[in-house]
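Peer 1: Pasting a predicted model and its sequence here:
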Amino acid sequence: MNAIGTFNLTKKYSRTAGYRDLLPFRQKQWVVAAENISLEIEEGEFFGLLGPNGAGKTTLIKLLCCLVLPTSGTAQIFGHDVVKKEHVVKKLVGLVSAEERSFYWRLTGRENLRFFASLYSLPGKIADKRIDELLKLVELTDKADVRFQNYSTGMRQKMAIARGLLREPRVLFVDEPTRSLDPVSAQAVRRFLKERVAGEGKTVVLATHNLNEAEQLCDRLAIMARGNIKALGSVKELRSLFQKQEKCELQVRHFSESIISELGRIEGVLDCQASRHNGVMDLEFRIVDRATVLPRLLETMIGHGVEVCNCQLTELPLDEIFIHALRSDN
């Protein structure tokens with residue numbers, strides 16, 4: 001079952017540069033924050049929105065959380081339209097933002113959660129039980145009665161996750177959860193989202209520009225730029241889409257350098273470098289179409305009596321996939 005479905009979802013904002021733009025007879029200029037977004041996200045999936053600042057990730061999340069209205073197109077959460085069934089959708093979703101100003105700094109962590117629980121109309125006893133469960137879940141029980149202003153950045157982010165889970169949402173939207181966190185705190189937040197949130201079957205949608213974070217957490221990714229989805233799929237699928245070249249490293253014995261020219265003439269071999277260390281020849285090839293080229297390379301070498309000790313293909317790193325996807329926008 002699809003947790004989220006969108007069709008040609010678009011959001012435009014009017015550009016206001018000065019008082020003249022407010023005049024009724026002046027033609028409006030528009031900024032397109034999200035344009036014709038069509039995607040499907042399955043229930044229980046950890047889905048990533050990957051893109052630079054201004055790509056439209058946060059706007060898309062706001063549209064799906066009913067925080068802004070679409071200009072055109074449709075979006076559904078578990079079959080409920082975000083415009084026509086807003087009151088139902090808001091009970092199904094939770095939002096975790098890196099924005100700390102939404103908390104009350106002079107209140108304790110527990111008092112903050114009680115305040116937000118009252119906004120969600122959670123009955124007192126149910127709210128208190130849920131708050132205790134969440135404080136234990138995010139490992140802040142011993143800090144529950146400390147003022148929010150005395151929390152570390154990592155503790156504040158954990159509190160934001162707890163708030164997002166207050167209503168036990170079926171879909172949790174997480175916008176830049178590790179921004180400004182040190183590496184240790186960031187890794188703790190990632191592990192929590194993967195193991196304790198997604199691990200319990202919830203659908204998680206993560207907006208990030210952190211490539212390592214996206215690769216570590218997400219089942220599938222949508223690479224966004226200028227309000228559009230430029231590529232969609234798992235990291236493996238994106239590699240196959242954008243990976244034009246691969247590096248193939250071989251360690252061989254009984255290799256004669258006279259066959260290097262023959263190997264270089266194989267169609268799909270772009271470059272070949274060789275070096276010898278302690279009787280073992282290290283070969284490095286740049287190739288395209290591994291399924292065809294690699295068997296021919298091995299067959300040719302074995303036919304010349306070469307003993308292949310090791311073979312390793314280096315996949316395209318995610319940052320290169322990201323760059324290729326953004327270049328396709330030009």
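Peer 2: Structure received.
Peer 1: C-alpha only now, for contacts and for neighbours.
Peer 2: Will do.
Peer 1: For the residue nearest the centre of the chain, pull up the helix or strand it's in.
Peer 2: Nearest to the mean C-alpha position of the chain, counting by CA atoms, centre = their mean, stands Gly48 at 2.7 Å. Here Gly48, judged by DSSP states H and E, is contained in strand 46-50.
Peer 1: residues making contact with that strand?
Peer 2: For strand 46-50, the surrounding residues in contact (CA atoms under 8 Å, 6 or more residues apart in numbering) are 41, 57, 198, 203-211, 214, 217-224.
Peer 1: I'd like the average pLDDT over the host helix or strand of Lys236.
Peer 2: Taking DSSP H and E as the definition, Lys236 sits inside helix 235-242. For helix 235-242, mean pLDDT is 81.
Peer 1: One more: stretch 12-32?
Peer 2: Stretch 12-32 shows a mean pLDDT of 74.
Peer 1: What residues does Leu113 make contact with?
Peer 2: Counting by CA under 8 Å, 6+ apart, the residues that Leu113 touches are Ile131, Arg163, Leu166.
Peer 1: Hmm, I typed the wrong one, I wanted Ala34.
Peer 2: Neighbour list for Ala34: Leu9, Thr10, Lys11, Lys12, Gly56, Thr59, Leu60, Arg226, Gly227, Asn228 [criterion: CA under 8 Å, 6+ apart].
Peer 1: got the domain boundaries for this protein?
Peer 2: 2-241, 244-314 (automatic domain parsing).
Peer 1: got the end-to-end distance for the shortest one?
Peer 2: From its first residue to its last, domain 244-314 covers 12 Å (CA to CA, to the nearest Å).
Peer 1: what's the spacing between that domain and its chain's center?
Peer 2: How far domain 244-314 lies from its chain's middle: 36 Å, per CA atoms, centre = their mean, to the nearest Å.
Peer 1: From Ala231, how far off is the residue nearest to the centre of the chain?
Peer 2: For Gly48, the distance to Ala231 equals 12 Å [CA to CA].
Peer 1: And what about the residue of the chain most remote from its centre, helix, strand or coil?
Peer 2: Largest separation from the mean C-alpha position in the chain: Ser258, at 47.9 Å (CA atoms, centre = their mean). Judged by DSSP: H, G, I helix; E, B strand; the rest coil, the three-state class of Ser258 is helix.
Peer 1: returning to what we had before: please convert the buried members of the contacts of strand 46-50 into PyMOL selection syntax.
Peer 2: Listed next is the PyMOL selection for buried residues among the contacts of strand 46-50, using 16 or more other CA atoms under 10 Å:
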select buried, resi 41+57+198+203+204+205+206+207+208+209+214+217+218+219+220+221+222+223+224
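Peer 1: Let's see which of the contacts of strand 46-50 end up in strands.
Peer 2: The strands, defined by DSSP state E, take in Ile41, Thr203, Val204, Val205, Leu206, Ala207, Thr208, Arg220, Leu221, Ala222, Ile223, Met224 from these.
Peer 1: farthest pair in those residues?
Peer 2: Using CA to CA, those span at most 19.8 Å, a distance reached by Thr203 and Met224.
Peer 1: residue boundaries of the helices in the stretch 101-250 of the chain?
Peer 2: For the stretch 101-250 of the chain, the helices defined by DSSP state H, counting those that start in this stretch cover 109-119, 124-137, 153-164, 183-192, 211-217, 235-242.
Peer 1: What lies in contact with the shortest one?
Peer 2: Helix 211-217 is contacted by residues Phe46, Gly48, Leu50, Arg190, Lys194, Thr208, Leu221, Val235, Leu318, Asp319 when judged by CA under 8 Å, 6+ apart.
Peer 1: who wins for most neighbours among the residues you listed?
Peer 2: Each of the contacts of helix 211-217 was scored by neighbours using other CA atoms under 10 Å; the highest score is Gly48's, at 28 neighbours.
Peer 1: Tell me who's in contact with Glu42.
Peer 2: With contact set as CA under 8 Å, 6+ apart, Glu42 has these partners: Met1, Asn2, Ala3, Ile4, Thr203.
Peer 1: ok, back up a step: between the contacts of Leu113, which sits nearest Arg290?
Peer 2: Nearest to Arg290 among these: Arg163, at 48.0 Å, using CA to CA.
Peer 1: burial count for the closest one?
Peer 2: Residues near Arg163, counting by other CA under 10 Å: 24.
Peer 1: Cys272 versus that one, what's the distance?
Peer 2: Distance check for Arg163 against Cys272: by CA to CA, it reads 56 Å.
Peer 1: Repeat that for Ala188.
Peer 2: Distance of Ala188 to Cys272, computed by CA to CA: 43 Å.
Peer 1: Of those two, give the one with the bigger neighbour count.
Peer 2: Applying other CA under 10 Å to Ala188 and Cys272 shows that Cys272 carries more neighbours, namely 17 against 13.
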